[in-house]
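Asks: Pasting a predicted model and its sequence here:
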Amino acid sequence: MPPKAPVKGKPKAVAKKDGAKPDPRDPQGIFSAQFDFLDANGDGMIDTKEFRHGLISAGWSQDELSDLFDKIDVSHDGKISREEYLNYHAKKESKAMSLDPKKVFEEMDQDKDQALNLRELAKLIRKVENEEGFLGDLDFSGYCKEQLAAADTDKDGKLNFAEFVPWFKGFIHHVESIRDKFEQELLERKQARDQAPAPAAPDPSRFSGDGVWDCPLPAVVGALEAAWAKKKIPLLIDDTMEDRETLDPSPLELFLQYGGYTLLEMKRMVVEVNMQKVKPLDTAMEEARQKLVSAIKFGNVLCVLLANSVPPIKSKFNADDTLPLAIFDGNLVSAVVGAVVGSSQIEGSWVEKVIRKADDCAMVRDKFNVLVVTKFRREDYEDFLKEDVPLDHMQHIHVHKVKKAD
């Protein structure tokens with residue numbers, strides 16, 4: 001995933017308004033540009049919804065966002081001002097600039113043996129990872145071992161100070177290069193959003209009936225709302241990319257990725273469990289449960305991505321206490337939306353079995369829902385999926401690029 005934001009680093013130059021003096025806390029305007037990106041409605045404040053949606057598109061997980069929001073919102077009024085945002089980054093920048101390899105080494109050398117062992121080095125890497133999220137999907141333990149092995153020139157299993165200094169400088173440079181790349185992506189997304197034409201209002205009559213709905217990509221939000229209003233789980237037949245075998249995301253997948261949806265990649269899950277055998281089924285199902293609970297807790301849509309695969313959901317990749325088949329039934333999903341955990345509305349429902357006490361989930365948020373996406377062709381998808389995917393309670397929607405008739 002992309003590095004977490006807000007971030008610091010070597011900012012890209014941002015054009016300033018004529019006559020405007022640069023803010024000494026943000027001389028090149030990079031953090032102001034980030035603020036403008038997150039401030040989706042342009043009212044000069046970032047509320048929790050804007051904050052969550054903007055940072056999820058940048059790779060943050062739901063569980064990390066509330067703590068960060070509170071750190072920046074020093075006035076505790078439920079909104080982040082530009083002043084608060086710039087002040088937060090100024091403090092982070094100042095702290096980063098003061099990093100001294102000798103001081104860092106001495107702080108991490110807990111047993112005072114003038115060397116860092118694997119545990120001490122891992123503690124340093126974890127500290128940076130918790131702040132910056134630079135590792136993405138890399139295995140933390142494996143990464144730490146690789147870093148130690150690469151820097152340990154005398155092969156004694158530790159880093160002395162002479163070995164630590166060049167490693168540390170390279171490590172910080174690597175983290176900053178990831179930040180730089182992310183900052184550029186943020187600016188590009190903001191520019192694309194500012195230049196994009198306003199979408200036309202969907203025609204309500206377009207999405208009705210029980211057959212396969214025809215939907216151009218710009219109208220997909222209207223189609224989703226119409227399907228959920230019918231208490232149906234939308235099954236999007238993704239026809240927005242000509243090359244269905246490419247590993248690149250389709251335009252529809254990019255829309256979902258940057259739209260604040262919680263993505264559950266079923267094809268990847270099946271490959272890791274069944275083919276590569278790098279992950280036990282129980283572990284994969286628990287990870288899926290955590291994504292489901294995150295969507296419930298924060299009021300997001302759980303988007304189940306099938307890609308061009310047929311995951312055996314009915315026979316293997318479902319369980320009442322992790323990923324229940326109930327989430328593919330719109331009636332059972334809508335029955336619990338807005339309900340408080342522990343209430344009679346939740347008692348005996350599928351949610352009661354999925355949520356753990358440690359999840360700290362108080363209710364099923366109003367915006368929670370589910371959708372499914374397949375990349376099989378319209379003429380083929382049903383034959384491929386009907387035996388393994390619960391299609392009965394879904395509204396099938398063919399999503400394609402805009403045609404002249406649209």
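Replies: Arrived safely.
Asks: Counting neighbours, what do you get for residue 265?
Replies: Residue 265 is flanked by 18 other residues according to other CB atoms under 10 Å. The C-beta positions use only the backbone N, C-alpha and C, and glycine is treated the same way.
Asks: So what sits opposite it in the bridge?
Replies: Beta-bridge partners recorded for residue 265 (DSSP bridges): residue 305.
Asks: does it really touch residue 303, like I thought?
Replies: No. Using CB atoms under 8 Å, residue 265 makes no contact with residue 303, being 9.4 Å away.
Asks: so what sits against both of these two?
Replies: Shared contacts of residue 265 and residue 303 (CB atoms under 8 Å, 6 or more residues apart in numbering): none.
Asks: show me where the stretch 101-250 of the chain has strands.
Replies: Taking DSSP state E, counting those that start in this stretch to define them, one finds strands in the stretch 101-250 of the chain at 115-116, 159-160, 213-216, 233-239.
Asks: any idea which of those strands is most buried?
Replies: Mean neighbours per residue, mean count of other CB atoms under 10 Å, is largest over the strands of the stretch 101-250 of the chain for strand 233-239, with a mean of 25.
Asks: by contact count, what packs against the very next helix or strand once past it?
Replies: Downstream of strand 233-239, the next assigned helix or strand under DSSP states H and E is helix 251-257. If you count contacts as 3 or more CB pairs under 8 Å, 6 or more residues apart in numbering; DSSP states H and E, helix 251-257 packs onto strand 233-239, strand 301-307, strand 369-374.
Asks: Can I get the ones you listed in a markdown table including mean pLDDT and distance to residue 114?
Replies: Listed next are the helices and strands packed on helix 251-257 as a markdown table, based on pLDDT from 0 to 100; distance: least, CB to CB, whole Å:
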| stretch | mean pLDDT | distance to residue 114 |
| --- | --- | --- |
| strand 233-239 | 96 | 57 |
| strand 301-307 | 94 | 50 |
| strand 369-374 | 96 | 55 |
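Asks: Go through these and name the closest to residue 83.
Replies: Ranking the helices and strands packed on helix 251-257 by proximity to residue 83 (CB to CB) places strand 301-307 first, at 33.1 Å.
Asks: For the helix or strand following the closest one, C-alpha coordinates in PDB please.
Replies: Sequence order places helix 330-334 as the next helix or strand after strand 301-307, per DSSP H and E. Taking C-alpha atoms only, helix 330-334 is exported to PDB below (Å, rounded to 0.1, in the frame of the first residue of the first chain):
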ATOM      1  CA  GLY A 330     -29.400  -7.600   1.300                       C
ATOM      2  CA  ASN A 331     -32.300  -8.300   3.600                       C
ATOM      3  CA  LEU A 332     -30.000  -9.600   6.400                       C
ATOM      4  CA  VAL A 333     -27.600  -6.700   5.900                       C
ATOM      5  CA  SER A 334     -30.200  -4.000   6.000                       C
END
